[in-house]
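J.: With the sequence up front, the predicted model follows.
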Amino acid sequence: MAKFNSVESLLRSHFAAARTERISAASSDIGAADRLAVRSWQQARLAMTHAALLKSPKYGPATTFFLTELYSTEDLTQRDADIERVIKILVKFLPDRALRTLAAALEMDALSERMDGLMVRQLRTTQTASAPLVLTEASYAAAYRAMGQFDLRLQQIELTRDIGLALDKLSRLPLLRGLLRMMSGPAQIGGVGGLHTFLERGYAAFAHMDRAQDFIKAIVDQEREEHIRLIQLNQPLN
């Protein structure tokens with residue numbers, strides 16, 4: 001029982017942190033628009049950085065899952081409500097490995113929302129508060145360096161790696177495939193079909209690759225290179 005309480009507490013903590021950031025951003029029309037502008041920019045940048053993976057027949061589905069499901073520009077109000085309703089059930093029925101993966105995904109979600117909020121505030125220091133937020137390669141790079149938090153940026157990349165490796169292992173568990181299929185009907189009836197679809201897409205994307213080590217390494221290496229490029233951009237030569 002203590003174990004279940006600990007896992008449930010961890011899931012709820014990460015979930016609450018992410019939802020708090022989303023509610024804060026949505027508290028005004030400008031805040032919501034700013035969040036969407038930053039996340040749309042980030043998503044476009046990710047698509048450009050990982051264009052080769054997106055076009056790959058083998059790696060394309062998993063890349064799309066990372067870019068549009070784990071880092072989404074969509075309204076997540078319903079998914080948040082789904083998660084809150086079924087956390088206790090997930091803790092009871094999902095295997096430990098799946099719960100740890102879900103916890104890591106919620107942690108990255110919370111961290112991404114926090115970093116995007118900081119990015120919005122940094123960009124707003126150089127732009128008129130009432131005007132739509134404008135992002136360019138130069139303004140984004142300058143704000144990236146000015147806001148710092150590089151340890152958290154690297155933590156985002158490490159969480160991406162951890163989630164990828166965990167999903168790779170989960171995709172090779174035949175019992176999980178059966179469990180997801182079995183849960184499909186009850187999930188739809190229970191009004192949490194969106195959450196179940198999210199889980200199924202992640203499983204299917206990684207099962208499609210068979211082995212994901214090369215894919216994960218490519219994602220992580222390219223994100224580290226992008227991080228270094230941004231913090232060194234326009235730095236004076238010694």
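T.: Looks like it came in fine.
J.: From now on I want contacts and neighbour counts done on CA atoms only, so please keep to that.
T.: OK.
J.: List the buried residues of the helix with the most length in the chain.
T.: As assigned by DSSP state H, the longest helix anywhere in the chain is helix 96-124. By neighbour count on 16 or more other CA atoms under 10 Å, the buried set for helix 96-124 is 98-124.
J.: One more: stretch 84-100?
T.: Buried residues in stretch 84-100 (16+ other CA under 10 Å): 87-88, 91, 98-100.
J.: what's the spacing between the helix or strand that residue 79 is a member of and its chain's center?
T.: Assessed by DSSP states H and E, residue 79 sits inside helix 77-93. From the chain centre to the centre of helix 77-93 is a distance of 17 Å (CA atoms, centre = their mean, to the nearest Å).
J.: For that helix, name the packing helices and strands.
T.: The helices and strands touching helix 77-93, judged by 3 or more CA pairs under 8 Å, 6 or more residues apart in numbering; DSSP states H and E, are helix 2-25, helix 193-209.
J.: now the helix or strand following the first one against helix 2-25, angle please.
T.: Going back to what we said before, that points to helix 2-25. Sequence-wise, the next helix or strand downstream of helix 2-25 (DSSP H and E) is helix 29-49. Per axes from the mean of the first three to the mean of the last three CA atoms, to 10 degrees, the angle that helix 29-49 makes with helix 2-25 is 110 degrees.
J.: Would you mind pulling the contact partners of helix 29-49?
T.: 24-26, 54, 67-68, 71-73, 116-117, 119-120, 130, 132-135, 222 (CA atoms under 8 Å, 6 or more residues apart in numbering).
J.: just checking, what packs against whatever helix or strand comes next after it?
T.: Moving toward the C-terminus from helix 29-49, the first helix or strand encountered (DSSP H and E) is helix 51-55. Judged by 3+ CA pairs under 8 Å, 6+ apart, the packing partners of helix 51-55 are helix 60-65.
J.: Just the C-alphas of the helix it packs on, formatted as CSV.
T.: C-alpha atoms of helix 60-65 as CSV (Å, rounded to 0.1, in the frame of the first residue of the first chain):
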residue,chain,number,x,y,z
GLY,A,60,8.8,8.7,-38.5
PRO,A,61,5.9,7.5,-36.2
ALA,A,62,8.0,7.7,-33.1
THR,A,63,9.4,11.1,-34.1
THR,A,64,5.9,12.4,-34.7
PHE,A,65,4.8,11.0,-31.3
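J.: State the mean pLDDT of that helix.
T.: The pLDDT scores in helix 60-65 average 90.
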